[in-house]
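Engineer: No sequence on hand, only this structure:
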């Protein structure tokens, strides 16, 4: 039996015994505002990371091109 099925069976048994009946907030909507805000922040950070990696890649390519030009200039 997989781990997921074991966990599902344990939860089902607890539900049947009523162990979740008196939890605070039962029947109330869950406020996901913070969760959504975090998802937005993560998406923004990913975009920033992509931009930084792209800029870094361009800087490395430029440095390599400059190094090649220096070497070619020395050979002449």
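Structural biologist: All right, it came through fine. Keep in mind that what you see is a predicted model, and the values were worked out from it rather than measured.

Engineer: Could you check how far the residue nearest the centre of the chain is from residue 54?
Structural biologist: Nearest to the geometric centre of the chain sits residue 42, at 6.3 Å (CA atoms, centre = their mean). Relative to residue 54, residue 42 is positioned 19 Å away (CB to CB, to the nearest Å). In short, each C-beta sits where N, CA and C put it, glycine included.

Engineer: OK, contacts around residue 4?
Structural biologist: Contacts of residue 4 were listed using CB atoms under 8 Å, 6 or more residues apart in numbering, and none were found.

Engineer: Helix or strand for it, just tell me which one.
Structural biologist: Element membership of residue 4, judged by DSSP states H and E, is helix 3-17.

Engineer: Could you do residue 39 as well?
Structural biologist: Counting by DSSP H and E, residue 39 is found in helix 33-75.

Engineer: any idea of the mean pLDDT in that helix?
Structural biologist: For helix 33-75, the mean per-residue pLDDT is 94.

Engineer: mind starting the numbering at 29 from now?
Structural biologist: All set: I'll call the first residue 29, so the last point we hit is now helix 61-103.

Engineer: Packing partners of that helix?
Structural biologist: If you count contacts as 3 or more CB pairs under 8 Å, 6 or more residues apart in numbering; DSSP states H and E, helix 61-103 packs onto no helix or strand.

Engineer: Distance from the chain centre to it, please.
Structural biologist: Put simply, helix 61-103 sits 19 Å off its chain's centre (CA atoms, centre = their mean, to the nearest Å).

Engineer: Count the neighbours of residue 60 for me.
Structural biologist: For residue 60, the tally of surrounding residues (other CB atoms under 10 Å) stands at 10.

Engineer: for the one 4 residues further on, same thing?
Structural biologist: Applying other CB under 10 Å, we find 10 other residues in the vicinity of residue 64.

Engineer: Same question for residue 101.
Structural biologist: For residue 101, using other CB under 10 Å, the count is 8.

Engineer: So what's the gap between the helix holding residue 32 and the chain middle?
Structural biologist: Distance, centroid of helix 31-45 to centroid of chain: 29 Å (CA atoms, centre = their mean).

Engineer: So for that helix, mean pLDDT?
Structural biologist: Here the average pLDDT along helix 31-45 is 95.

Engineer: Cool, thanks, signing off.
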